[in-house]
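> How does the following fold in three dimensions:
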Amino acid sequence: MRALVTRLDSFGDMLLAGPAIRAVAARADHVTVLCGPAGAPAARMLPGVDDILVWDAPWVGFTPPPVGRGEVELIVDTIDADTALILTSFHQSPLPAALLLRLAGVGFIAADSDDYPGSLLDVRHHRAPHAHEAEAALDLAEAAGFPRVDDGRLRVLHPPNALRLTRPEPYVVLHPGASVPARAWSRERCAEAVRELSVAGHRTVVTGGPGERELTAYVAGDHGLDLGGRTDAVELAGVLAGARAVITGNTGPAHLAAAVGTPVVSLFAPVVPAERWYPYGVPHMLLGDQDAPCADSRARDCPVPGHPCLQSVTAEDVVAAVEKVMVVE
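From the prediction side, this is the model:
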């Protein structure tokens, strides 16, 4: 059996698909993951993946490409699978992807769908109303004939030792960036947290992508170690694996921390529901007003002046949360 698992969203979304992919891999002879450019680095880190196809789908992402007939025909001609799972978030339709897979000749397709699928799906599954994204993917896999084979936690291939970057002393990680502004704690509060963590005796490593060097330098200041722009996805996994705790918003590194087994202090803006996106399978604490006016809005920029859902969190709150969840050595 040649199986295809489709998850076209972000880095974190791809990590949350990992347990379902392992379930498919236990029954299939070959597993290909069809993912978007943002999810590809995560897909390469997942156990059970034999091959990946990267396609920037025009119905996914913050800046989707225009529809191009040539690109669609190319992906249809490239797909080679007998059976497929289409994994989507609770607010997305799987049917555009299902149509392409049917055109590619995939004989068996399963997905969660509230919309009538016609002949596009062989298994039209309905997810549990409040299921975490990782659980929802596992439930769909089981409905398609791929029962879970392990504890269902997030995992990545063994992360590298990151001591050359972090130095060997115990440390916590603060990742101040987020995929959208509405999910980020302010840079001023992040810098305060690094200072307060230092006062409390915790060395802080500040991480971020290549485009976040100015942010990480500001947040690290004189009290933290700035690794902004110095890690790829695999190296970041190593940094997070060595930490006693990770402090971050609802963004990819929160799920990467969970995948390497590190506790998370989650600065969680309620623009999407925490019950679906909290750090899965590891000790964690959610900080932030989950009943704020922005709740469930899916806003990318905070619609409430002052960003009160996260600005109500203090640096002292973060230090207390770190000390409750962190790995004790």
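
> drop to CA atoms for contacts and neighbour counts, all remaining ones
OK.

> all helices of the stretch 201-329 of the chain, in order?
213-220, 233-241, 252-259, 274-277, 308-311, 315-325 (DSSP state H, counting those that start in this stretch).

> Turn these into a markdown table, columns for mean pLDDT, mean neighbour count and distance to Ala98.
Below are the helices of the stretch 201-329 of the chain laid out as a markdown table (pLDDT from 0 to 100; neighbours: other Cα atoms under 10 Å; distance: least, Cα to Cα, whole Å):
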| stretch | mean pLDDT | mean neighbour count | distance to Ala98 |
| --- | --- | --- | --- |
| helix 213-220 | 98 | 21 | 40 |
| helix 233-241 | 98 | 23 | 29 |
| helix 252-259 | 98 | 27 | 26 |
| helix 274-277 | 94 | 18 | 24 |
| helix 308-311 | 94 | 21 | 37 |
| helix 315-325 | 97 | 18 | 41 |
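
> In this protein, where's the longest helix?
As assigned by DSSP state H, the longest helix anywhere in the chain is helix 187-199.

> Not counting its own residues, what contacts it?
174, 176, 203-204, 215, 218-221, 223-224, 311, 314-316, 318-319 (Cα atoms under 8 Å, 6 or more residues apart in numbering).

> Check stretch 288-304 too.
180-183, 267-274, 308-313.

> how about 6 Å then?
With contacts defined as Cα atoms under 6 Å, 6 or more residues apart in numbering, stretch 288-304 is touched by Val180, Pro181, Ala182, Leu267, Phe268, Pro270, Val271, Val272, Cys309, Leu310.

> Next: stretch 157-172.
Counting by Cα under 6 Å, 6+ apart, Met45, Leu46, Pro47, Arg203, Thr204, Ala237, Gly238, Val239, Ala243, Arg244, Ala245, Val246 sit against stretch 157-172.

> on that earlier part again, need the helices of the stretch 201-329 of the chain in TSV (columns: distance to His91).
Output for the helices of the stretch 201-329 of the chain, formatted as TSV (distance: least, Cα to Cα, whole Å):
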stretch	distance to His91
helix 213-220	31
helix 233-241	27
helix 252-259	19
helix 274-277	11
helix 308-311	22
helix 315-325	31
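
> Please identify which of those is closest to Val31.
Closest approach to Val31 among these (Cα to Cα): helix 252-259, 20.0 Å.

> What helices and strands are in contact with that closest one?
With contacts taken as 3 or more Cα pairs under 6 Å, 6 or more residues apart in numbering; DSSP states H and E, helix 252-259 sits against helix 11-16.

> Could you measure from Lys155 over to Ala43?
Just so we're on the same page, residue 155 is Arg rather than Lys. Distance, Arg155 to Ala43, using Cα to Cα, to the nearest Å: 11 Å.

> Please identify which of these two sits among more neighbours.
Ala43 (30 against 21; other Cα atoms under 10 Å).

> For Thr251, see how far away the nearest residue to that one once chain neighbours are set aside is.
In space, and not counting its chain neighbours, Ala43 is closest to Met14: 6.2 Å by Cα to Cα, 6 or more residues apart in numbering. According to Cα to Cα, Met14 and Thr251 sit 12 Å apart.

> the more surrounded of the two?
When Met14 and Thr251 are compared for neighbours, Met14 comes out ahead with 29 against 26, by other Cα under 10 Å.

> List the contacts of Ala25.
Gly48.

> Got the phi and psi for it?
Main-chain torsions, Ala25, degrees, to the nearest 10: phi -60, psi -30.

> Model confidence for it, exactly?
pLDDT for Ala25: 98.

> Got the domain ranges for the protein?
The chain is divided into the following domains under automatic domain parsing: 2-143, 163-325.

> Nearest to Val149 among these would be which one?
Per Cα to Cα, nearest to Val149 of the domains of the chain: domain 2-143, 5.7 Å.

> From one end of that closest one to the other, what's the distance?
End to end - Cα to Cα - domain 2-143 spans 18 Å.

> what's the offset of it from the middle of its chain?
15 Å (Cα atoms, centre = their mean, to the nearest Å).
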